[in-house]
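1. Provided below for reference: sequence and predicted model.
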Amino acid sequence: MTKQYSYPKDKVRILLLEGIHPAAVDIFKEAGYEARVVKSAMSNQELRDVIEPIHVLGIRSKTQIRQPAIGASKRLLAIGCFCIGTDQVDLDAAASKGVPVFNAPFSNTRSVAELTLAEVVMLSRKAAHRSMELHSGRWEKSAAGSREVRNKTIGIVGYGHIGSQVGLLAEAFGMRVVFYDIVNKLPLGNAVQLASLGELLQSSDFVTLHVPESPETRNMVSSREISLMKNGSCLLNLSRGSVVDLKAVSDALTSGHLAGAALDVFPREPGSSSEAFECELRGLENVILTPHIGGSTEEAQRNIGIEVASALVKYIETGSSSGSVNFPHVDLPLVRNRHRVLNIHRNVPGVLSNINRIVAEMGVNISSQYLGTRHDVGYLIMDVDQKISREVKREIDLLDTTIKTRLLF
Ligand code: NAI
């Protein structure tokens with residue numbers, strides 16, 4: 001009987017906190033793993049107490065994974081952040097412990113794009129405002145200032161995952177699509193890339209922002225930029241609160257230069273529903289305010305569950321670190337009848353030659369290998385023609401550069 005050296009699936013301990021979507025549990029189950037699900041978040045102290053035997057830890061945004069919990073983990077293979085952000089994890093500490101962290105950055109792309117387009121139509125028809133009037137008992141049936149979006153121009157700032165989807169949906173409404181991005185992008189459909197933000201602002205009926213938060217995008221739309229926008233145009237921000245100067249937006253709405261605005265993100269967002277929401281745009285006419293829900297849909301939650309759990313299963317079973325946020329991306333296709341060595345090491349010269357020497361001394365042929373490095377961490381996937389013994393693993397583990405070694409198959 002051939003001895004199996006992948007870790008037995010029934011011994012892999014997976015702990016999912018914070019009520020992660022059941023779709024994630026199903027992905028693990030289909031792959032042969034049992035995941036333990038806990039509804040709540042854990043404090044660092046609680047985590048430190050339970051983490052030692054855990055192989056895979058799944059969290060959302062409330063659980064902080066930092067030292068000393070990371071240091072207390074003995075078997076941790078990977079962390080899954082079942083959300084977009086990864087600030088809640090000490091990524092460097094995890095990497096230097098040989099633990100890649102995965103997230104789901106694009107699972108809610110379409111959700112944001114859909115809300116954006118819905119708001120473009122709502123602003124153009126002043127529908128949110130009309131609704132507020134009606135809630136307060138006022139029947140204002142009027143076509144004044146209410147327009148179709150067909151043949152209007154939408155200017156997309158940041159033509160990444162979300163921006164490009166917004167462009168496609170806008171075209172389906174018969175809109176003209178222009179975009180500005182610091183990178184040259186292949187336009188989808190009939191979209192046209194413009195050379196400058198100024199050109200976009202001057203030519204768009206709707207300006208929608210889909211850039212990341214960065215020093216360059218901080219207040220990238222302030223009074224100067226708004227003054228370049230067309231009279232009667234509308235501004236939408238569903239990216240990050242720091243991108244827009246709200247005082248400038250408020251002034252432009254009050255003066256009538258802007259006909260409307262939709263904001264989903266704010267410089268100061270309440271931490272919970274018990275905190276009041278303060279913002280200079282409250283109460284202004286034709287302003288749609290939503291509490292950072294652009295990406296919050298059931299579909300997105302489900303997609304996040306599937307995407308992160310799939311990445312974790314792939315990492316456990318093949319060593320592929322593609323999509324991790326703190327690790328070199330290494331992904332070598334699986335070949336039948338090959339045996340795989342995974343080595344995470346400190347990124348210093350000579351590691352590869354040391355490992356190759358150990359393997360060569362055992363008379364084992366290397367069929368393929370791929371090394372990736374990122375900051376202080378190197379990650380090697382190596383396929384060999386025959387099953388190598390545990391002694392080889394032991395020898396590799398003894399190298400003072402090794403952080404972690406695994407054998408598969
Ligand atoms: P992405 O990284 O795919 O696209 C961003 C694009 O902006 C890239 O094409 C990049 O080249 C471009 N860019 C960067 N700096 C720029 C600059 N100074 N000027 C012009 N273009 C610039 O990001 P993705 O996934 O499309 O997300 C966009 C924004 O949406 C992010 O800020 C993200 O945090 C936010 N977001 C908001 C959500 C919500 O619930 N409202 C949910 C998901 C994302």
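-> On my side now, so go ahead.

2. who does the worst-scoring helix or strand of the chain on mean pLDDT touch, helix- and strand-wise?
-> Across the helices and strands of the chain, the lowest-confidence element by mean pLDDT, DSSP states H and E is helix 390-398, at a mean of 88. Under the contact definition 3 or more CB pairs under 8 Å, 6 or more residues apart in numbering; DSSP states H and E, helix 390-398 sits against strand 339-346, helix 351-361, strand 402-408. C-beta coordinates here come from the backbone N, C-alpha and C atoms, glycine included.

3. what residues does the first one touch?
-> It refers to strand 339-346. By CB atoms under 8 Å, 6 or more residues apart in numbering, the residues outside strand 339-346 that reach it are 5, 98, 318-319, 332, 334, 351, 355, 359, 376-388, 392-393, 396, 399, 401-409.

4. if any of the residues you listed are buried, give me the PyMOL selection for them.
-> The buried subset of the contacts of strand 339-346, as determined by 16 or more other CB atoms under 10 Å, is captured in PyMOL by this line:
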select buried, resi 5+98+318+319+332+351+355+359+377+378+379+380+381+382+383+384+387+388+392+393+396+399+401+402+403+405+406+407+408+409
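
5. out of the contacts of strand 339-346, who's near the ligand?
-> By CB under 6 Å from any ligand atom, no member of the contacts of strand 339-346 lies near the ligand.

6. now the helices and strands packed on helix 390-398 as TSV including mean pLDDT?
-> Output for the helices and strands packed on helix 390-398, formatted as TSV (pLDDT from 0 to 100):
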stretch	mean pLDDT
strand 339-346	95
helix 351-361	94
strand 402-408	94
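
7. what pairs with the helix or strand in which residue 378 is found, parallel or antiparallel?
-> Residue 378 belongs to strand 377-384 when assigned by DSSP states H and E. Strand 377-384 has the following sheet partners, assigned by DSSP bridges: strand 339-346 (antiparallel), strand 366-374 (antiparallel).

8. so how far is the shortest one off the chain centroid?
-> It stands for strand 339-346. 27 Å (CA atoms, centre = their mean, to the nearest Å).

9. read off the pLDDT value for residue 84.
-> pLDDT, residue 84: 88.

10. in what helix or strand does it lie?
-> Using DSSP H and E, residue 84 falls outside every helix and strand.

11. show me the contacts for it.
-> Neighbour list for residue 84: 103-105, 107-108, 295 [criterion: CB under 8 Å, 6+ apart].

12. adding distance to residue 55 and neighbour count, write these out as TSV.
-> As requested, the contacts of residue 84 are exported to TSV (distance: CB to CB, whole Å; neighbours: other CB atoms under 10 Å):
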residue	distance to residue 55	neighbour count
103	18	22
104	20	23
105	24	17
107	24	23
108	28	22
295	29	22
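
13. can you redo the residues you listed as CSV with pLDDT?
-> As requested, these are arranged in CSV below (pLDDT from 0 to 100):
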residue, pLDDT
103, 97
104, 94
105, 89
107, 93
108, 94
295, 93
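
14. between those, which sits nearest the ligand?
-> Closest approach between those and the ligand, by CB to the nearest ligand atom: residue 295, at 3.1 Å.

15. excluding chain neighbours, give the residue nearest to the closest one in space.
-> What sits nearest to residue 295 in space, not counting adjacent residues and going by CB to CB, 6 or more residues apart in numbering, is residue 108, at 3.1 Å.

16. the one you found against residue 296, yeah?
-> Yes. Using CB atoms under 8 Å, residue 108 makes contact with residue 296 at a distance of 7.4 Å.

17. find the closest residue to the ligand in the stretch 101-250 of the chain.
-> residue 160 (1.7 Å).

18. that residue and residue 180 touch, don't they?
-> No. Residue 160 is not in contact with residue 180 according to CB under 8 Å; the separation is 11.9 Å.

19. those two: who's more crowded?
-> Each of residue 160 and residue 180 has its neighbours counted (other CB atoms under 10 Å); residue 180 has more, 23 against 18.

20. contacts only, for the more buried one.
-> Residue 180 makes contacts with 155-159, 193-197, 199-200, as judged by CB under 8 Å, 6+ apart.

21. please compute how far the least confident helix or strand of the chain lies from its chain's middle.
-> With CA atoms, centre = their mean, you get 36 Å for helix 390-398.

22. one step back: next, the angle helix 351-361 makes with the strand holding residue 378.
-> Taking axes from the mean of the first three to the mean of the last three CA atoms, to 10 degrees, one finds strand 377-384 and helix 351-361 inclined to each other by 20 degrees.

23. got the contact list for strand 377-384?
-> For strand 377-384, contacts defined as CB under 8 Å, 6+ apart pick out 95-96, 98, 319, 321, 327-328, 330-332, 335, 338-347, 351-352, 355, 359, 364-373, 403.

24. so for the longest helix anywhere in the chain, mean pLDDT?
-> Counting by DSSP state H, the longest helix found in the chain is helix 298-318. Here helix 298-318 scores 96 as its mean pLDDT.

25. pull the CA atoms of that helix into CSV?
-> Extracted in CSV, the C-alpha atoms of helix 298-318 (Å, rounded to 0.1, in the frame of the first residue of the first chain):
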residue,chain,number,x,y,z
GLU,A,298,-27.0,38.5,-0.6
GLU,A,299,-25.4,37.5,-3.9
ALA,A,300,-22.2,39.3,-2.9
GLN,A,301,-22.1,37.6,0.5
ARG,A,302,-22.7,34.2,-1.2
ASN,A,303,-20.0,35.0,-3.8
ILE,A,304,-17.6,35.9,-1.1
GLY,A,305,-18.3,32.6,0.7
ILE,A,306,-17.6,30.7,-2.5
GLU,A,307,-14.6,32.7,-3.6
VAL,A,308,-12.7,32.6,-0.4
ALA,A,309,-13.5,29.0,0.5
SER,A,310,-12.5,27.9,-3.0
ALA,A,311,-9.2,29.7,-2.7
LEU,A,312,-8.6,28.1,0.7
VAL,A,313,-9.4,24.6,-0.6
LYS,A,314,-7.1,25.1,-3.6
TYR,A,315,-4.3,26.3,-1.3
ILE,A,316,-4.7,23.3,1.0
GLU,A,317,-4.8,20.8,-1.9
THR,A,318,-2.4,22.2,-4.5
